[in-house]
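*Asks:* Below: sequence and its predicted model.
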Amino acid sequence: MNSPANRPTLDQVAKYADMFSAMGTEPRLRIMRLLLSAHPEGLVVGVIQEELDIPNSTLSHHLEKLKNEDLVNVRRESTFLRYMANTEALQEILRFLYAECCTRNKAVKPEHVIQLCK
């Protein structure tokens, strides 16, 4: 069993809940999947809009929410904004889930998680 020192703090749990909430809409999840498929280069807003057929004003709102929760990084290139998935933040979320489901009570066998990622 994990010791209390290894358990996430309430602030960490709240942070992860906010991150999951940010990805918890169909358009944002589609954006995240698209950005992951374009990793590490990412995509400019116009390409994201074309690929997902999301109106520009709505897309801006979704990208801002993902950025605010540190799930995407943004870089200005001249007049364009390039968005990239923040894979470090996603790894952090996965570690958070993995710690409970695969180490403490073995609800999911670690080898099954690894097979899913192949």
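*Replies:* Done, it's in. Residues are numbered from 1 along each chain as shown.
*Asks:* By mean pLDDT, flag the weakest helix or strand of the chain.
*Replies:* Lowest by mean pLDDT, DSSP states H and E among the helices and strands of the chain is helix 110-116, with a mean of 62.
*Asks:* Quickly note the distance from Glu77 to Leu36.
*Replies:* 20 Å (Cβ to Cβ, to the nearest Å). In this view, the C-beta of every residue, glycine as well, is placed from N, C-alpha and C.
*Asks:* who has more neighbours, the two?
*Replies:* Leu36 (13 against 8; other Cβ atoms under 10 Å).
*Asks:* In the sheet, which residues pair with the closest residue to that one other than its chain neighbours? Tell me.
*Replies:* Distance criterion Cβ to Cβ, 6 or more residues apart in numbering; nearest residue to Leu36, sequence neighbours excluded, is Ala85 at 4.8 Å. In this entry, Ala85 is beta-bridged to Val72, by DSSP bridges.
*Asks:* Ala85 and Leu35 touch, don't they?
*Replies:* Yes: between Ala85 and Leu35 there is a contact under Cβ atoms under 8 Å: 4.0 Å.
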